[in-house]
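>>> Predicted model follows, preceded by the sequence.
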Protein chains: 2
Amino acid sequence: MKTIKMIVAYDGTNYAGWQIQPNALTIEEVLNRELSSLLSEDITVHGASRTDAGVHSLGNIAWFDTNARFDAERIAPALNTHLPADIRVLESCEVSNDYNPHNIKSKKTYEYRIDNRDVYLPTERLYSYSYHYDLDEKKMDEAIKCLVGEHDFTAFSSVKAQVKSRVRTIYEAGVRREGDSVIIRIAGDGFLYNMVRIIAGTLIEIGNGRKEVSDMIKILESKDRENAGPTAPPEGLVMLGYEEL
Amino acid sequence: MKTIKMIVAYDGTNYAGWQIQPNALTIEEVLNRELSSLLSEDITVHGASRTDAGVHSLGNIAWFDTNARFDAERIAPALNTHLPADIRVLESCEVSNDYNPHNIKSKKTYEYRIDNRDVYLPTERLYSYSYHYDLDEKKMDEAIKCLVGEHDFTAFSSVKAQVKSRVRTIYEAGVRREGDSVIIRIAGDGFLYNMVRIIAGTLIEIGNGRKEVSDMIKILESKDRENAGPTAPPEGLVMLGYEEL
């Protein structure tokens, strides 16, 4: 038996997220179906990040076991000929049978894009949140910096998240403006359910003046989801990739 | 009677281009329909650039006459509430009744984007041409530079184009690489039917080594479409905008 690791990029617009669920198409379901067809056996993939409905990825990680005699590196190009155009496997390789990215210390990087024009650009709408009120990206940058380090992120996670610990380490975080787009970038050892989108929603309230920069640390320390901003819409979020440390 | 000018941005993916045609949805048709409904009279828009099927725009110009008593500036926001999400009117204003951008000396700027990764990114696929062979953007940049100035662009125009003169002036042109994307940018006083896409297709053949940099000037001087490269696919092309000179 071989274990295969794949790097998977997708446009999440038309999917109900990564994880299989009834009555909705997911990335996991499409990968299982096309891999099973390609390798002529029942394949079950695991995902490093269970992205939400509408969230995009440039480099999620999927892995699975197979008994098929198929060169590991050839799986990516072969699978791509069967996958829909909005999912691509960037590469595939063999890993040890006990491979599990959840047990490997790694840096996960996300970006949240905001189209901050008066009227949004149609060519940006699928990959940005359209927000036309003024945003002060310098205040947002100052605010997000206080999240760097090891903290309990309960205030920035969905109450639905069922996890043992809500402590995570943020390695780097920043907000920059590129023309009329405001881009939030955050990298850490892991993120709780909805965490990046709740951080984005909170930063938007700081950027538009509804909250103060100094509120960010108070919200973090309160460990109360009610104090943070709303969960920002999924289309602005993209998982950039994983890097093993 | 008032003449109204609008700046129109659109994602061309789901349209058969700008110009009205039978049995296919076009940008012009949608604007006519929604403006007529908004202003309660039959409106016929004119477009500065008749972009092809699948081509995008960040700033095409549309203009029309109306007798409606409606503030010119309010037309854009009012119309946007009725338009599909992939078309946005960025602004609207009143102009003189003899307004016609074809009679105004202006600079039109286009970009052609190529996703030059081994495997394309799904989130780039609607707004880039996916081309995975090696491209030497420096050679492409050197080649496009010889188009700057006033030339007869017959070699780079569709034989279907019915125009009096195929002489156009290119103000500036260049090719740059941004990460794994190669971006062709060209600005001029006007472009013939398919001209930017044929220039892009020719530059790709120079970038991949099938043609030499020195072929560019020979092709231009030959005035023969057969000598140029293929018409590059529409999804990579975006009209950035118009600037009156």
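Nice, thanks for sending it over. Values in this document were obtained by computation on a predicted structure and should not be read as measured data. Numbers count the residues shown, from 1 in each chain, chains lettered A, B, ... in the order given.

>>> Doesn't residue A:76 lie inside a helix?
Yes. Judged by DSSP: H, G, I helix; E, B strand; the rest coil, residue A:76 forms part of a helix.

>>> Let me know the pLDDT of it.
pLDDT, residue A:76: 98.

>>> State the distance from it to residue A:25.
21 Å (CB to CB, to the nearest Å). Where C-beta positions appear, they are placed from N, C-alpha and C, glycine not excepted.

>>> So these two - more neighbours on which side?
A side-by-side neighbour count of residue A:76 and residue A:25, using other CB atoms under 10 Å in any protein chain shown, places residue A:76 first with 20 against 14.

>>> Isn't that one up against residue A:83?
No. Counting by CB atoms under 8 Å, residue A:76 does not reach residue A:83; the two are 10.0 Å apart.

>>> So for these two, which residues contact both of them?
Common contact partners of residue A:76 and residue A:83 (CB atoms under 8 Å, 6 or more residues apart in numbering or on different chains): residue A:89.

>>> Contact distance from chain B - what residues of chain A qualify?
Counting by CB under 8 Å from any CB of the partner chain, chain A comes close to chain B at A:9-11, A:56, A:58, A:76, A:80, A:85-91, A:118-123, A:125-127, A:238.

>>> and those, which are buried?
Buried by 16 or more other CB atoms under 10 Å in any protein chain shown: A:9-11, A:56, A:58, A:76, A:80, A:86-91, A:119-123, A:125-127, A:238, out of the residues of chain A next to chain B.

>>> Which of these fall in strands?
A:9-10, A:56, A:58, A:87-91, A:238 (DSSP state E).

>>> Mark out where each domain of chain A begins and ends.
A:2-103, A:106-244 (automatic domain parsing).

>>> all helices of chain A, in order?
A:27-39, A:72-80, A:137-145, A:195-207, A:215-222 (DSSP state H).

>>> Could you single out the most deeply buried of those?
Comparing the helices of chain A by mean neighbour count (mean count of other CB atoms under 10 Å in any protein chain shown), helix A:195-207 ranks first with a mean of 25.

>>> Quick one: residues in contact with it.
Against helix A:195-207 from outside (CB under 8 Å, 6+ apart): A:52, A:110, A:112, A:114, A:129, A:131, A:134-137, A:139-140, A:143-144, A:147, A:153, A:156-158, A:168, A:175, A:182, A:184, A:186, A:211-213, A:215-216, A:219, A:225, A:228-234, A:236-237.

>>> again, 6 Å this time
A:110, A:112, A:135-136, A:139-140, A:143-144, A:153, A:156-157, A:184, A:211, A:213, A:228-232 (CB atoms under 6 Å, 6 or more residues apart in numbering or on different chains).

>>> Filter those residues down to the buried ones, PyMOL style.
A single PyMOL command selects the buried members of these (16+ other CB under 10 Å):
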select buried, chain A and resi 110+112+135+136+139+140+143+144+153+156+157+184+211+213+228+229+231+232
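
>>> out of the contacts of helix A:195-207, which are inside strands?
Reading strands off the contacts of helix A:195-207 with DSSP E, I get A:110, A:112, A:184.

>>> Closest to residue A:193 out of those residues?
For the ones in strands among the contacts of helix A:195-207, the minimum distance to residue A:193 (CB to CB) is 13.2 Å, reached by residue A:110.

>>> check contacts around the closest one.
Listed by CB under 6 Å, 6+ apart, the contact set of residue A:110 reads A:186, A:196, A:239.

>>> same deal with residue A:32?
A:43, A:45.

>>> Give me the pLDDT for it.
98.

>>> What of residue A:160?
At residue A:160, the pLDDT recorded in the model is 77.

>>> burial count for the residue lying closest to it once chain neighbours are set aside?
Closest residue to residue A:160 apart from its sequence neighbours, by CB to CB, 6 or more residues apart in numbering or on different chains: residue A:193 at 6.3 Å. By the measure other CB under 10 Å, the count of residues near residue A:193 is 16.

>>> so residue A:193 touches residue A:161, yeah?
Yes. With contact defined as CB atoms under 6 Å, residue A:193 counts as touching residue A:161 (3.8 Å).

>>> Looking at the contacts of residue A:110, spot the one nearest chain B.
When those are ranked by distance to chain B (CB to the nearest CB), residue A:239 comes first, at 10.8 Å.

>>> Skip the chain neighbours and tell me the closest residue to residue A:219.
Using CB to CB, 6+ apart, the closest residue to residue A:219 is residue A:227 (4.6 Å).

>>> hang on, isn't that neighbour packed against residue A:218?
No. Counting by CB under 6 Å, residue A:227 does not reach residue A:218; the two are 7.4 Å apart.

>>> Need phi/psi at the residue in chain A sticking out farthest from the centre.
When distances are taken from the C-alpha mean of chain A, residue A:69 lies farthest, 32.4 Å away, according to CA atoms, centre = their mean. The phi and psi values for residue A:69, taken as degrees, to the nearest 10, are phi -90, psi 90.

>>> ok, it - contacts?
Counted by CB under 6 Å, 6+ apart, residue A:69 has zero contacts.

>>> how close does residue A:118 sit to residue A:9?
31 Å.

>>> repeat for residue A:183
Distance from residue A:183 to residue A:9, by CB to CB: 18 Å.

>>> So in terms of bridging, what pairs with the closest residue to residue A:120 other than its chain neighbours?
Nearest non-adjacent residue to residue A:120, counting by CB to CB, 6+ apart: residue A:130, 3.6 Å away. As for beta bridges, residue A:130 partners with residue A:115 under DSSP bridges.

>>> Could you give the number of residues near residue A:130?
Neighbours of residue A:130 (other CB under 10 Å): 19.

>>> isn't it right up against residue A:117?
No. Residue A:130 lies out of contact with residue A:117 (CB under 6 Å); the separation is 7.9 Å.

>>> List the contacts of residue A:180.
A:116-117.

>>> Swap in 10 Å and give it another go.
Applying CB atoms under 10 Å, 6 or more residues apart in numbering or on different chains to residue A:180 gives the contacts A:114-118, A:120-121, A:124, A:128, A:132.

>>> Run through the residues that contact the spatially closest residue to residue A:198 that is not a sequence neighbour.
In space, and not counting its chain neighbours, residue A:198 is closest to residue A:156: 4.6 Å by CB to CB, 6+ apart. Residues near residue A:156 by CB under 10 Å, 6+ apart: A:147, A:166, A:168, A:191-192, A:194-202, A:216, A:219-220, A:223, A:225, A:227-229, A:231.

>>> Relative to residue A:211, how far out is residue A:156?
Counting by CB to CB - residue A:156 and residue A:211 are separated by 13 Å.

>>> can you list residues touching both of those two?
Shared contacts of residue A:156 and residue A:211 (CB under 10 Å, 6+ apart): A:202, A:219, A:227-229.

>>> could I get the residues you listed as a markdown table with distance to residue A:64?
Formatted as a markdown table, the shared contacts of residue A:156 and residue A:211 follow (distance: CB to CB, whole Å):
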| residue | distance to residue A:64 |
| --- | --- |
| A:202 | 37 |
| A:219 | 39 |
| A:227 | 41 |
| A:228 | 36 |
| A:229 | 38 |
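
>>> Which residue, neighbours along the chain excluded, lies closest to residue A:167?
The nearest residue in space to residue A:167 (CB to CB, 6+ apart) is residue A:152, at 5.1 Å.

>>> Tabulate the domains of chain A in TSV, adding columns for distance to residue B:30.
Below are the domains of chain A laid out as TSV (distance: least, CB to CB, whole Å):
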stretch	distance to residue B:30
domain A:2-103	21
domain A:106-244	12
